[in-house]
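for reference, the sequence and a predicted model appear below.
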Amino acid sequence: MRVLSGIQPSGALHIGNYFGALRQFIELQRENDAYYFVANYHALTSVRDAERLRAYTFDVMVTMLSLGLDPERATLFVQSDVPETAELAWLLTTVTPMGWLEKCVSYKDKVEQGLSPEHGLFAYPVLQAADILLYDADLVPVGQDQKQHLEVTRDIAERFNRVYGGGEDVFRLPEPHILKSVSVVPGVDGRKMSKSYNNTIDIFDEPAAIRKKVKRIVTDSTPVEAPKDLEGDSLLALYRLFATAEDIAEIERRYREGGIGYGEVKTRLAEAIIERFAEPRERRA
Ligand code: AQP
C-alpha cells in the first residue's frame with residue numbers, strides 16, 4: 001500500500017507525536033511504499049521566523065532519522081520541495097464548500113488558544129488534502145485529532161472526482177490509520193499534548209528535563225493509602241505507553257487497592273521515558 005503522512009516543524013517533537021504518528025511511520029515503512037514529509041508549508045501558520053522554521057525543519061528530519069525512519073525504505077522529503085502541493089491545494093479549494101471547513105474543531109481550538117484566525121489556518125485541511133491526494137495515498141497514519149481532517153480530504157476527493165472525473169476517479173480515497181490505544185496522548189496538564197500548549201515532554205529532552213516535566217503532571221490529591229481512580233488519570237495513561245504489561249498490571253492493582261503514591265509512578269515513568277529513547281538520543285548526537 002502507498003502510505004503517506006507528515007509532521008509540522010512547529011517545535012521539538014514530543015511523545016504525543018511519537019505514539020500518535022512516528023511509531024506507526026516506522027512500523028509501516030517495512031511492508032509498504034511509504035512517504036513521510038516535514039510539513040513546513042503548514043508550519044507557516046504558526047512559525048513566522050525564517051531561521052527558526054529552517055532549524056525546526058532540519059530538527060524534525062533529524063528526529064525522524066534518529067528514531068529509525070530509513071531513507072532506503074521510505075521516501076523522506078520536505079513539503080515545500082514539491083511546490084505542486086500548493087498548486088493542487090488551489091484546485092481543491094475551488095470545490096471545497098466553506099461549511100466543511102467551518103465545522104473543523106482544530107481551527108476553533110487553535111483560535112481559542114490564541115493563534116490568529118488567518119485564512120491559512122482556516123484552509124489548512126485543504127492543503128492537507130493536497131498533501132495526501134497528490135501521492136495517491138491509500139493509508140494515512142495519524143493521531144485521533146486528525147480524523148476529521150481526513151474525512152474532509154475524502155469529501156474533497158469525492159467531489160473533485162464527481163466534478164472533473166467524467167465517470168473516472170481522478171483521486172484515490174485514502175483511509176486513516178489511527179491506533180485506538182494511543183489515539184490522544186495527554187500532556188502534563190491533562191489536555192492533548194501539543195507543541196502549542198506548552199505541555200509537552202519532548203522525545204529528545206535531556207534526562208533532567210524529562211524528570212522535571214514528569215513531576216509537573218497534574219494528579220488529584222488522593223492520599224497514598226487511598227484507592228485511586230484509573231479513568232482519566234493522565235499519569236497512568238502515560239505510564240501505560242512506556243511500561244511492560246507486568247508493570248502496568250502491578251500499578252493498576254495498587255491503584256485499585258491503595259498504597260501507592262503518584263510520586264512513585266512519576267519516578268518510574270520518567271526513567272522509562274529516558275530508557276526508551278536512550279539509543280535514538282545517542283544516534284541523534
Ligand atoms: N497528543 C497527541 N496524541 C496523539 N497523536 C498526536 N499527534 C500530535 N499530538 C498528538 C499526531 O502527531 C502527528 C503530527 O502532528 P503535527 O505536529 O503535524 O501537528 P499537531 O497534531 O497539531 O501536533 P501539535 O503538537 O498539536 O502541533 P501544533 O501545536 O504545532 O499544532 C499527527 O498525526 C498528529 O495526529
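Received, thanks.

ok, Ile203 touching Met64?
No. Look at Ile203 against Met64 with Cβ atoms under 8 Å: they stay out of range, at 10.5 Å. The way it works is simple: take the backbone N, C-alpha and C, and place the C-beta from them, glycine included.

enumerate the residues of the stretch 101-250 of the chain near the ligand.
142-143, 145-146, 184-185, 192-196 (Cβ under 6 Å from any ligand atom).

now those as CSV including neighbour count?
Converted to CSV, these look like this (neighbours: other Cβ atoms under 10 Å):
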residue, neighbour count
Val142, 21
Gly143, 21
Asp145, 17
Gln146, 20
Val184, 16
Val185, 23
Lys192, 17
Met193, 26
Ser194, 20
Lys195, 22
Ser196, 14
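
what is the nearest of those residues to the ligand?
Closest approach between these and the ligand, by Cβ to the nearest ligand atom: Gly143, at 2.4 Å.

which residue, other than its chain neighbours, is closest to the closest one?
Gly20 (2.9 Å; Cβ to Cβ, 6 or more residues apart in numbering).

the residue in the chain positioned nearest to the ligand: neighbour count?
The chain approaches the ligand most closely through Gly20 (1.9 Å), counting by Cβ to the nearest ligand atom. Counted with other Cβ atoms under 10 Å, residues neighbouring Gly20 total 25.

before we move on, what about Gly259?
13.

and Leu76, what helix or strand is that in?
In this assignment (DSSP states H and E), Leu76 forms part of strand 74-78.

quick one: mean pLDDT for that strand?
Averaged across strand 74-78, pLDDT comes to 98.

what lies in contact with it?
25, 29, 34-38, 40, 57, 61, 64-65, 69 (Cβ atoms under 8 Å, 6 or more residues apart in numbering).

can you do 10 Å?
3-4, 6, 9, 25-26, 28-30, 32-41, 57-58, 60-61, 64-65, 69-71, 135 (Cβ atoms under 10 Å, 6 or more residues apart in numbering).

of these, just the buried ones, ChimeraX syntax please.
Restricted to buried positions by 16 or more other Cβ atoms under 10 Å, the ChimeraX selection for the contacts of strand 74-78 reads:
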select :3,4,6,9,25,26,28,29,32,33,34,35,36,37,38,39,40,41,57,60,61,64,69,135
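
alright, calling it a day.
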